[in-house]
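>>> Sharing a model that was predicted from the sequence below.
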Amino acid sequence: MKPGVLFSNKYSRLLIAGAVLVAATSACGRETITPVLKEFEFGARRVQVSVPAGWEALDQGKQKRFRKGEFEIVLQNLGPAMPPPRNLDEFVDWGLAEVGAGVGHDQRREVKARRAVTIDGREGMDIETWNRLDHSNPQRILLMNDDGDLLVLHTVGMAFADSLAAFDSIRYSIHFVSARR
């Protein structure tokens with residue numbers, strides 16, 4: 001046998017054995033964590049959301065908190081605005097003020113983007129804010145009109161990739177349940 005051929009066969013066998021070993025250990029060590037469907041009550045109103053994998057959901061009465069380490073997202077019902085807003089823009093302005101978003105001409109934050117959305121048949125506004133001076137510290141706020149009540153989903157503090165992904169996951173999973181059981 002030629003020395004190069006023997007080495008080549010041994011080398012290729014080792015590569016194949018190594019690849020099989022890596023594939024077997026990575027398949028065994030992988031955990032598939034699926035999101036958990038959770039239902040929250042806000043008085044007579046009920047909302048179902050999918051809690052992202054690795055996040056915990058805490059029911060604190062008027063506020064529902066989603067946490068993962070230092071990241072936090074809050075879902076809350078602010079109730080009806082008094083006097084009732086005449087249009088969606090007034091509803092959004094009132095909601096931003098109630099959440100304490102710090103948005104306005106005399107505030108530190110400004111709206112980077114806002115998009116009108118429909119969430120499970122309810123009109124709403126998906127808003128991104130950032131620091132007015134250096135465009136840092138992004139935050140997300142979703143305001144939804146649920147028959148006159150304002151339901152808000154927002155990131156707490158600066159939104160990083162993990163919290164933005166969780167925010168989007170919760171946002172896209174929101175389902176309004178018709179009545180309390």
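All right, it came through fine. Residues are numbered from 1 along each chain as shown.
>>> For the rest of this, base every contact and every neighbour count on C-alpha atoms.
OK.
>>> for the helix or strand where Phe40 lies, which positions count as buried?
Secondary structure from DSSP states H and E places Phe40 in strand 36-42. Burial within strand 36-42, assessed by neighbour count using 16 or more other CA atoms under 10 Å, is assigned to Glu39, Phe40, Glu41, Phe42.
>>> quick one, domains of the chain?
The chain resolves into domains spanning 1-30, 36-177 when parsed by automatic domain parsing.
>>> Of these, which stretch is the most buried?
domain 36-177 (a mean of 17; mean count of other CA atoms under 10 Å).
>>> the strands in this protein, which residues?
Applying DSSP state E to the chain gives strands spanning 36-42, 45-51, 56-60, 63-68, 71-80, 109-119, 122-131, 139-146, 149-155, 175-177.
>>> Make a markdown table out of these and add distance to Arg86.
Output for those, formatted as a markdown table (distance: least, CA to CA, whole Å):
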| stretch | distance to Arg86 |
| --- | --- |
| strand 36-42 | 24 |
| strand 45-51 | 23 |
| strand 56-60 | 31 |
| strand 63-68 | 26 |
| strand 71-80 | 13 |
| strand 109-119 | 16 |
| strand 122-131 | 14 |
| strand 139-146 | 12 |
| strand 149-155 | 14 |
| strand 175-177 | 23 |
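>>> Run through the residues that contact the closest residue to Phe66 other than its chain neighbours.
Ranked by CA to CA, 6 or more residues apart in numbering and with sequence neighbours excluded, the top spatial neighbour of Phe66 is Ala57, at 4.6 Å. By CA atoms under 8 Å, 6 or more residues apart in numbering, the residues touching Ala57 are Val51, Lys64, Arg65, Phe66, Arg67.
>>> From Ile170, how far off is the fourth one?
As defined by CA to CA, to the nearest Å, Phe66 lies at a distance of 9 Å from Ile170.
>>> Which member of the buried residues of strand 36-42 is positioned nearest Val103?
For the buried residues of strand 36-42, the residue nearest Val103 by CA to CA is Phe42; the value is 26.3 Å.
>>> so the closest one touches Asn77, yeah?
Yes: in this structure, Phe42 is within contact of Asn77 by CA atoms under 8 Å, at 6.6 Å.
>>> Give me the common contacts of these two.
Lys62.
>>> re earlier: reformat the domains of the chain as JSON lines; add mean pLDDT.
As requested, the domains of the chain are exported to JSON lines (pLDDT from 0 to 100):
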{"stretch": "domain 1-30", "mean pLDDT": "49"}
{"stretch": "domain 36-177", "mean pLDDT": "89"}
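>>> Test my guess that Leu78 contacts Val152.
Yes: judged on CA under 8 Å, Leu78 makes contact with Val152 at a distance of 7.3 Å.
>>> Find the residues that touch each one of these two.
Common neighbours of Leu78 and Val152 (CA under 8 Å, 6+ apart) are Gly95.
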